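J.: For reference, the sequence and a predicted model appear below.
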Amino acid sequence: MGTGDHMQTRSEFAGKTEHINSHFIPALLLMICLLVGCVHAPAPYRPGNWMNHGIDLKSVADPPRQSLLQVIIVYGDLWSHHTALRLVHPDRPVLFWDPGGGYGVDLPKDVRSKDLIRINPPDLETYLHHIWQHSSLEVEVFEWDLKPEEARDLYDVLLNGTDKHHPAGRFTTTTIGLFCTVAVSDFLHRFARKTLTVPRSFFLPEHLARVLYTQSPKRVLAFRRGRQTAYFPPRITSGDSNPSQISR
């Protein structure tokens with residue numbers, strides 16, 4: 001093999017190495033983030049001064065004639081790994097948004113379309129049983145009562161999406177894997193400002209949960225196998241709910 005062949009071989013090897021590094025380094029950084037930054041008990045930012053009591057799983061059914069926003073945070077044994085959203089409108093079918101998630105992926109496209117389940121959407125109990133098939137440790141559900149016009153606006157955005165001419169910009173419920181929390185937090189940041197303040201999008205579910213605890217939810221439901229608890233916030237002052245305190 002001549003000198004030119006050796007140079008070509010080294011050049012090809014260097015090109016292949018650069019290509020591998022361009023994919024390996026981001027994946028390695030993500031793995032380090034998950035292993036180092038996210039190894040903790042579930043709900044690490046849950047306030048210690050909230051009132052709580054046990055509840056029955058059957059008691060968390062949707063209240064009649066009440067619009068409701070639910071943000072769902074799923075924790076595994078070592079770190080949080082999924083975020084979903086459920087929107088209840090008393091005059092319309094419930095919308096369940098599972099961005100990049102696995103619920104109903106084998107269902108027909110008219111049932112699950114663009115990560116949105118519009119036909120036979122799961123109630124909390126059904127979704128919990130789905131999640132627990134994958135050995136998740138705890139599920140948090142943040143709840144807000146909505147005014148009819150707030151629910152209608154959010155419903156229309158989720159169902160129909162928006163284009164670039166919308167005041168809040170383009171939006172679709174289609175999401176690639178690993179970006180579920182980015183999608184949900186971005187949706188809340190842009191479209192749910194009348195109800196709560198999410199200062200920016202977040203990658204890790206527990207960081208979104210940290211913000212949501214400051215946004216005066218009606219209650220937060222915590223579900224483990226065999227144990228269900230409802231947490232209720234104390235009276236919150238404007239200083240307690242300042243989003244600038246938790247945006248880092």
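T.: Now that the structure is in, tell me what you want to look at.
J.: hey, let's count contacts and neighbours off CA atoms from now on
T.: Noted.
J.: could you pull out the strands for the chain?
T.: Along the chain, counting by DSSP state E, strands occupy 51-54, 67-75, 80-88, 95-97, 112-113, 116-117, 138-146, 219-224, 227-232.
J.: So for Val184, which of those strands sits nearest?
T.: When the strands of the chain are compared by CA to CA, strand 80-88 sits nearest Val184, at 7.1 Å.
J.: which residues are contacting the closest one?
T.: Under the contact criterion CA atoms under 8 Å, 6 or more residues apart in numbering, strand 80-88 has outside partners 38, 42, 62, 66-75, 94-99, 101, 151, 155, 178, 180-181, 184, 204-206.
J.: can you pull the contacts of the closest residue to Gly104 other than its chain neighbours?
T.: Counting by CA to CA, 6 or more residues apart in numbering, Arg112 is the residue found nearest to Gly104 once chain neighbours are left out, at 6.5 Å. Residues in contact with Arg112 (CA under 8 Å, 6+ apart) are Gly104, Val105, Arg118, Ile119.
J.: can you give me the end-to-end distance of stretch 133-147?
T.: 35 Å (CA to CA, to the nearest Å).
J.: buried residues in it?
T.: Judged by neighbour count (16 or more other CA atoms under 10 Å), stretch 133-147 contains these buried residues: Ser136, Leu137, Glu138, Val139, Glu140, Val141, Phe142, Glu143, Trp144, Asp145, Leu146.
J.: Same check on stretch 157-174?
T.: Leu158, Leu159, Gly161, Thr162, Phe171, Thr172, Thr173, Thr174.
J.: Look up how far Lys114 lies from the second one.
T.: Pointing back at Leu159 there. 10 Å.
J.: tell me the pLDDT at Arg10?
T.: What the model reports as pLDDT for Arg10 is 49.
J.: Disregarding flanking residues, what is the spatial nearest neighbour of the most centrally placed residue in the chain?
T.: Centroid-nearest residue in the chain, with CA atoms, centre = their mean: Thr83, separated by 2.2 Å. The shortest distance from Thr83 to any residue other than its chain neighbours is 4.8 Å, reached at Ile73 (CA to CA, 6+ apart).
J.: Report the contact partners of the one you found.
T.: The contact partners of Ile73, by CA under 8 Å, 6+ apart, come to Ser80, His81, His82, Thr83, Ala84, Val139, Glu140, Val141, Pro205, Glu206, Ala209.
J.: Quick one: neighbours of the first one, just the number.
T.: Spelled out, it's Ser80. For Ser80, the neighbour count with other CA atoms under 10 Å is 25.
J.: just the last one next, same as before
T.: Close neighbours of Ala209, defined as other CA under 10 Å, add up to 25.
J.: Report the contact partners of the nearest residue to Asp163 once chain neighbours are set aside.
T.: The shortest distance from Asp163 to any non-neighbouring residue, by CA to CA, 6+ apart, is to Arg170 (4.2 Å). Going by CA under 8 Å, 6+ apart, Arg170 touches Gly161, Thr162, Asp163, Lys164.
J.: how far away is the last one from Thr172?
T.: Going from Lys164 to Thr172 by CA to CA gives 11 Å.
J.: Likewise for the first one?
T.: Gly161 sits 5 Å away from Thr172 when distances are taken as CA to CA.
J.: Show me this protein divided up by domain.
T.: With domains defined by automatic domain parsing, the chain comprises 1-37, 51-245.
J.: Could you single out the most deeply buried of those?
T.: domain 51-245 (a mean of 17; mean count of other CA atoms under 10 Å).
J.: Run the chain-centre distance for it.
T.: Centroid separation between domain 51-245 and its chain, computed with CA atoms, centre = their mean, to the nearest Å, is 6 Å.
J.: now the helices for the chain?
T.: 3-32, 124-132, 148-160, 180-191, 205-212 (DSSP state H).
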